[in-house]
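A.B. asks: just a sequence and a predicted model for now, questions to come.
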Amino acid sequence: MPRAHITLIEDDPVFQSVVNQFLVNSGYDVQCASNGGQGIDICRRERPDIVLCDLKLPDIDGLQVIEKLLKVCTSTPIIVISASEKMSDIREAVRLGAWDYLVKPIQSLNVIENAIEHCLKRYQLEETYLHDVWELDAHLDLLYQDDVIVGRLVEELLPEGALSLNDYHFGCRVTDFGQAPVWVDYRPLTQGKVLVVMAVAQNATEQNLLPLLVLKTLIDPLIRQYLSGHDNTLLSPAALLSHLNHELCHSQVRTAFDTLVGVVDTKEHSWLWAQAGDKFQPEPGAKPDLALGIWQHANFREHKIEHLHRFYCAFQGTELSVTAAPQTA
């Protein structure tokens, strides 16, 4: 049984052949189209799990193809693979419903496979969430009585351990596991920068673990694109919140999130952050903006502190702290 059914819409015969062979060898079932019209017909007929689509096609503009595909297979994840690095193309593709955007030349075909697996995982989480909310309330009540299962899900939302980088220490402490689940993360980027995230689902219960896991998967492709040198959205907390907000407003997850994202520059000793929703009261703090997932046109502001010595944020039983070692004379 194939890992997934994929439609590849690509007019470059060499690139199409290489990607097709790689994906087939990786266990996927692949249907190829050399133009937009053919690709739309295949999707209408085959209902693939994932669509890979170029933007420069001989018959129909790739952005129009995306728009038409959303009417043919509304919930199918679409990954754009294009030579265009124009931010206007990227923004428009995402606005129309693309789940990911990969820029040619692709340095490694593994990047495509990783993008496919990420989209499949996110789609499955969203489907599981809808199924949980709308059909299995009674079963979920029993499921969340299992402390082992709940514990494993909570672990997915917390960092593996403390992080120390350039005299800065990042830590997370949970003092009450009975409180609402919170996603906390701090990920090293490059050049001494660390991405910091803290999020909670509104009207949070244990059953909101799943939407938090969905939210977590939205950042994964941005990290991959940043590390590959194609996207710096992570370095702008306001832009990151806007991206997450857009994704949530166009997803099937009908939950709003209070979220804090920021970047600690451990070399420049600065803290740049943005905050959506008012459940978090960080120290130092600033006036928050609208929670994520409520209004797709929401705006988010950035706040910055130079000479960061300490940052602290807590929600109920979960605490996040960033501290700098004292400077010696």
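C.D. replies: Looks like it came in fine.
A.B. asks: ok, which stretches of this structure are helices?
C.D. replies: Assigned helices in the chain, in chain order: 13-25, 36-46, 62-72, 87-96, 110-134, 137-143, 147-156, 209-227, 237-249 (criterion: DSSP state H).
A.B. asks: burial check on the closest residue to R224 other than its chain neighbours, number of neighbours?
C.D. replies: Leaving aside its sequence neighbours, R224 sits nearest to N114 (C-beta to C-beta, 6 or more residues apart in numbering; 6.5 Å). (Each C-beta comes from the backbone N, C-alpha and C, glycine too.) N114: 16 surrounding residues under other C-beta atoms under 10 Å.
A.B. asks: before we move on, back to that, hey, which of the helices of the chain is tucked in deepest?
C.D. replies: Highest mean neighbour count among the helices of the chain (mean count of other C-beta atoms under 10 Å): helix 237-249, with a mean of 22.
A.B. asks: starting at the chain centroid, how far to that one?
C.D. replies: 9 Å (C-alpha atoms, centre = their mean, to the nearest Å).
A.B. asks: same thing with stretch 38-56?
C.D. replies: From the chain centre to the centre of stretch 38-56 is a distance of 23 Å (C-alpha atoms, centre = their mean).
A.B. asks: ends of it, how far apart?
C.D. replies: Chord length of stretch 38-56, first to last residue, is 14 Å (C-alpha to C-alpha, to the nearest Å).
A.B. asks: which residues sit against it?
C.D. replies: 4-12, 19, 31, 33, 61-63, 65-66, 68-69, 72-73, 76-84, 89, 93, 98, 112, 116, 119-120, 123 (C-beta atoms under 8 Å, 6 or more residues apart in numbering).
A.B. asks: so for it, mean pLDDT?
C.D. replies: Averaged across stretch 38-56, the pLDDT comes to 94.
A.B. asks: next one: stretch 215-224
C.D. replies: Stretch 215-224 comes out with an average pLDDT of 84.
A.B. asks: contacts for that stretch next, please.
C.D. replies: By C-beta under 8 Å, 6+ apart, the residues outside stretch 215-224 that reach it are 99-100, 111, 114-115, 118, 121-122, 125, 156-157, 183, 185, 187, 189, 195, 197, 199, 231, 233-234, 240, 243-244, 247-248, 253, 257, 259, 292.
A.B. asks: need the CA coordinates for stretch 45-53. PDB is fine.
C.D. replies: Below are the C-alpha coordinates for stretch 45-53, written out as PDB (Å, rounded to 0.1, in the frame of the first residue of the first chain):
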ATOM      1  CA  ARG A  45     -10.600  12.100 -10.900                       C
ATOM      2  CA  GLU A  46      -8.100  10.600  -8.400                       C
ATOM      3  CA  ARG A  47      -8.600  12.800  -5.300                       C
ATOM      4  CA  PRO A  48      -4.900  12.700  -4.200                       C
ATOM      5  CA  ASP A  49      -3.700  13.100  -0.700                       C
ATOM      6  CA  ILE A  50      -1.100  15.800  -1.700                       C
ATOM      7  CA  VAL A  51      -0.700  18.000  -4.700                       C
ATOM      8  CA  LEU A  52       2.800  19.300  -5.800                       C
ATOM      9  CA  CYS A  53       2.300  22.300  -8.100                       C
END
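A.B. asks: thanks again, I'm all set now.
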